[in-house]
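Enquirer: build me a model from this:
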Amino acid sequence: QVQLVESGGGLVQPGGSLRLSCAASGFTLDYYAIGWFRQAPGKEREGVACFSSSDGSTYYLDSVKGRFTISRDNAKNTMYLQMNRLKPEDTAVYYCAADLSTYGSSWSSWNFDSWGQGTQVTVSS
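Expert: Residues are numbered from 1 along each chain as shown. Predicted coordinates for the structure are as follows:
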């Protein structure tokens, strides 16, 4: 059974850091495109950071470039989102996702079909 379980969200002051984790089970993260998305109240879900093992390419939303980093630990079958210099506008529910439609999938297909339950990140003083 495919499952993605996020953890690490919470309340942080502006300028602070958080690291989100997403433990995968039922499949091997290293074989598929992975990504982090977020959705703020009243806004559409947007892609924040994505990675494709097939070609090593990454994607970052312009507003998080230089502040957020996506990574994975193959031994733990877990992906991470390191978030630094957080801003109030980063407040949202964050979701991890994977594209399991094709072995060696690429994030550029934007075909993420497996999702975690989401974790709340609130940036406020």
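Enquirer: my guess is residue 121 contacts residue 7, does it?
Expert: No. Here residue 121 does not reach residue 7: they are 11.7 Å apart, not a contact under Cβ atoms under 8 Å. Glycine gets a C-beta too; all of them are placed from N, C-alpha and C.
Enquirer: tell me the centre residue of the chain?
Expert: residue 36 (2.0 Å; Cα atoms, centre = their mean).
Enquirer: for it, what are its contacts?
Expert: 20, 22, 47-50, 68, 70, 79, 81, 94-97 (Cβ atoms under 8 Å, 6 or more residues apart in numbering).
Enquirer: same thing but 6 Å
Expert: Contacts of residue 36 were listed using Cβ atoms under 6 Å, 6 or more residues apart in numbering, and they are 48, 49, 81, 96.
Enquirer: hmm, back to that, residue 121 and residue 7: who's more crowded?
Expert: residue 121 (22 against 13; other Cβ atoms under 10 Å).
Enquirer: please name the nearest non-neighbouring residue to residue 73.
Expert: Distance criterion Cβ to Cβ, 6 or more residues apart in numbering; nearest residue to residue 73, sequence neighbours excluded, is residue 80 at 7.3 Å.
Enquirer: and the one you found, which of the three is it?
Expert: Per DSSP: H, G, I helix; E, B strand; the rest coil, the secondary structure class of residue 80 is strand.
Enquirer: is it true that it touches residue 71?
Expert: Yes. Contact between residue 80 and residue 71 holds when scored by Cβ atoms under 6 Å: they sit 4.9 Å apart.
Enquirer: neighbour count winner among those two?
Expert: When residue 80 and residue 71 are compared on other Cβ under 10 Å, the one with more neighbours turns out to be residue 80, at 19 against 14.
Enquirer: now the more buried one: how far from residue 109?
Expert: Taking Cβ to Cβ, to the nearest Å as the criterion, residue 80 is separated from residue 109 by 22 Å.
Enquirer: then residue 66?
Expert: From residue 66 across to residue 109, the span is 25 Å (Cβ to Cβ).
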